[in-house]
Structures are given as structure tokens and as C-alpha cells.
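*Asks:* Can you look at this prediction? I've put the sequence above it.
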Amino acid sequence: MEQERKIPKHIAIILDGNGRWAKKRGLPRNAGHVQGSRTVEKMCKEVYNAGVDYLTVYAFSTENWSRPQSEVDAIMKLLSSYLKDCLKRSKKNNMSVKVLGDISRLPTEMQEQIKELEEVSKDFDGLHFQVALNYGGRDEIIRGMHRAALDRKEKGLSMEDITEEEFSSYLDTKDIPDPDLLIRTSGEQRLSNYLLWQLAYAEFYFTDTLWPDFDKKELEKAIDFYNGRDRRFGGIKES
Ligand code: IPE
Ligand code: IPE
Ligand code: MG
């Protein structure tokens, strides 16, 4: 009997290679980011059509502030217009959107945009789309730890009750299942501080394709790879 094709419930993506994509074409780096944002939009549709419930993309890391100010400014501008479009698309496609990361360092206007987007879309039951923005896995864990400690102090609770499950509820990904599949484009094979806690048991798929060139075919390849894996979670294979 032919085995049923497994579709990951949650795909996390490190979208990388926007700058190289632009350079190859003699264009400014920002042209790569613009094209990359179009690919994100397309992928929201493609993953949902493929049967994926959760998609989490890495848009801007806590380390990306160290890029030249002109690039940071251009990315922030692009993200702001992206979030505006996202509000329309979330309503149209019934997509719920959440931002992961420390948004307090973002421009006030963008923080307002994010709050509105999350509020308006919170009950939509189409794709659950997470955008990691000013996100760093270590930063998330430290912020979560501070909140957990503060809660305990204020409510007179003990630190002893902090289980893995309890601690997870203090992370930005509260209520979101861990990713099953991580995709990183552009040939790099590192985590760059992405979802350090949540990726504990994900399968990792790396492709040389630059993010702006990533398409439905590439997604299919990643899902094929996932199907070829034998997920164990520390146990042994049942035959
Ligand atoms: C990924 O593309 C997008 C962001 C990190 C914002 P890059 O900008 O890192 O592109 P490369 O790695 O320089 O090609
Ligand atoms: C990781 O990509 C961050 C995002 C995709 C937002 P980078 O291109 O910034 O990562 P490094 O610097 O190559 O590790
Ligand atoms: Mg990069």
C-alpha cells in the first residue's frame, strides 16, 4: 500500500539570499528585499494550499540592526508597507497574523500597525502566519525568563513549577505548535538565532536557491525531503 504523503503542520523559514539575488542582477540590495517580500506573499498561499497550518518567517533579526543604517531604514519602510498589505490579505484570506520578537524597539507607528493586525486577525482560522521581526531566539528566552520570574514574584508562585510546558507559555510562540520543518535558503546552514527553543525536534532542509527565487516547486522539494525523513523524537522506529 502506498504511504500517505505527510504534510508538516508548521513550517519555519529562514528566508536568506535577498542581497545576493539583487547583486547578481546588478541591483541595489533593497530590490532583493522587495522581491523577497513578494515571495513571502506567494508562499503564504502555497503552503496553505499544500495543507500546512502554520508558517513562520524570519524577517528581521536582533542582529540585523548592525547592517548599514540605509539598509535598515529601507527594510523598516518595506516592512511597514508589507504589514499594511498584510492586513488586507489577512481579511481576504482569513489568515491570522502574529509578530514574534521584541516590538518595543520598532518605530511607534509600526508597533501600532502590528497591534491592529494581530487584533483584527486573531480569530481567523485560515493559515496561522507568524512574522519574526526584531526577533532573536536568545532574546526571546531571556524576555520569557524575566516575565516568568516577575509573575512568580507578583503572584507569590514558586520557581519550581516551571516545566518545559509552563516555560513555553512565556515565549512569543505561546499556543503555537513547534515547527516540524525548517527551511533555510541561499546555501547557508546555520540557525542565526532563530527559534532556538522551538526547533528542538524539527527536520532541517537547506537549499542553494536564493529566497526571491523560491517557488511552489521548491516548496514541493522541501516537503518531499520531509517525507523522506524518519522522525523519532528520541524513540526508536516502529516497523
Ligand atoms: C535575508 O536576505 C533578508 C534579511 C536578513 C532581512 P539577506 O539580506 O541576508 O541576503 P544576503 O544573505 O545578503 O544575500
Ligand atoms: C538571518 O539571516 C536573519 C533573517 C533571515 C531575518 P542573516 O543573513 O541576517 O544571517 P547571517 O548573518 O548570515 O547569519
Ligand atoms: Mg543573509
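*Replies:* Received it, and whenever you're ready, just let me know what you need. Because the structure is predicted, anything quoted here is derived from the model rather than measured. Ligands and ions are numbered 1, 2, ... in the order given.
*Asks:* what's the helix ranked longest in the chain packed up against?
*Replies:* Longest helix of the chain, by residue count under DSSP state H: helix 69-93. Secondary-structure packing of helix 69-93 (3 or more CB pairs under 8 Å, 6 or more residues apart in numbering; DSSP states H and E): helix 29-50, strand 54-61, strand 96-100, helix 108-121, strand 128-135. For glycine as for every other residue, the C-beta is placed from the backbone atoms N, C-alpha and C.
*Asks:* what about the residue of the chain found nearest ligand 1, helix or strand, and which?
*Replies:* Across the chain, no residue is closer to ligand 1 than Gly19, which sits at 2.7 Å (CB to the nearest ligand atom). Using DSSP states H and E, Gly19 sits in helix 18-24.
*Asks:* Show me what that helix is in contact with.
*Replies:* Residues from elsewhere that reach helix 18-24 (CB atoms under 8 Å, 6 or more residues apart in numbering): 28-33, 35-36, 186, 210-213.
*Asks:* Against Ser158, how distant is the closest residue to Met159 other than its chain neighbours?
*Replies:* The shortest distance from Met159 to any residue other than its chain neighbours is 5.9 Å, reached at Arg152 (CB to CB, 6 or more residues apart in numbering). Per CB to CB, to the nearest Å, Arg152 is found 7 Å from Ser158.
*Asks:* With neighbour numbers in mind, choose between these two.
*Replies:* Arg152 (15 against 8; other CB atoms under 10 Å).
*Asks:* quick one: secondary structure of that one?
*Replies:* Three-state call for Arg152 (DSSP: H, G, I helix; E, B strand; the rest coil): helix.
*Asks:* Relative to ligand 2, how far out is it?
*Replies:* 33 Å (CB to the nearest ligand atom, to the nearest Å).
*Asks:* Leu157 now?
*Replies:* Leu157 is 35 Å from ligand 2, by CB to the nearest ligand atom.
*Asks:* do the same with Leu117
*Replies:* According to CB to the nearest ligand atom, Leu117 and ligand 2 sit 19 Å apart.
*Asks:* Low-confidence bits of the chain, can you list those?
*Replies:* Filtered on pLDDT under 70, the chain yields the residue ranges 1-2, 238-239.
*Asks:* Thr209: what's it in contact with?
*Replies:* So Thr209 contacts Gly17, Thr185, Ser186, Glu218 (CB under 8 Å, 6+ apart).
*Asks:* Inside helices: which ones of those residues?
*Replies:* Filtering these for helices - DSSP H - leaves Glu218.
*Asks:* Buried members of the contacts of Thr209 into ChimeraX, please.
*Replies:* In ChimeraX, this line selects whichever of the contacts of Thr209 come out buried by 16 or more other CB atoms under 10 Å:
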select :17,185,186,218
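*Asks:* Using a markdown table, please lay out the contacts of Thr209 together with distance to Tyr82.
*Replies:* Shown next, in a markdown table, are the contacts of Thr209 (distance: CB to CB, whole Å):
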| residue | distance to Tyr82 |
| --- | --- |
| Gly17 | 18 |
| Thr185 | 18 |
| Ser186 | 20 |
| Glu218 | 21 |
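*Asks:* Name the residues of the protein found near ligand 2, please.
*Replies:* Ile14, Leu15, Asp16, Tyr58, Ala59, Phe60, Ser61, Asn64, Glu188, Arg190, Ser192 (CB under 6 Å from any ligand atom).
*Asks:* Can you report how many residues lie near the second one?
*Replies:* Spelled out, it's Leu15. 22.
*Asks:* before we move on, what about the first one?
*Replies:* Summarising burial for Ile14: neighbours were counted as other CB under 10 Å, giving 25.
*Asks:* and the residue lying closest to it once chain neighbours are set aside, what does it touch?
*Replies:* For Ile14, ignoring the flanking residues on the chain, the nearest one in space by CB to CB, 6+ apart is Arg184 at 4.1 Å. By CB under 8 Å, 6+ apart, the residues touching Arg184 are Ile13, Ile14, Asp16, Arg190, Phe204, Tyr205, Phe206, Thr207.
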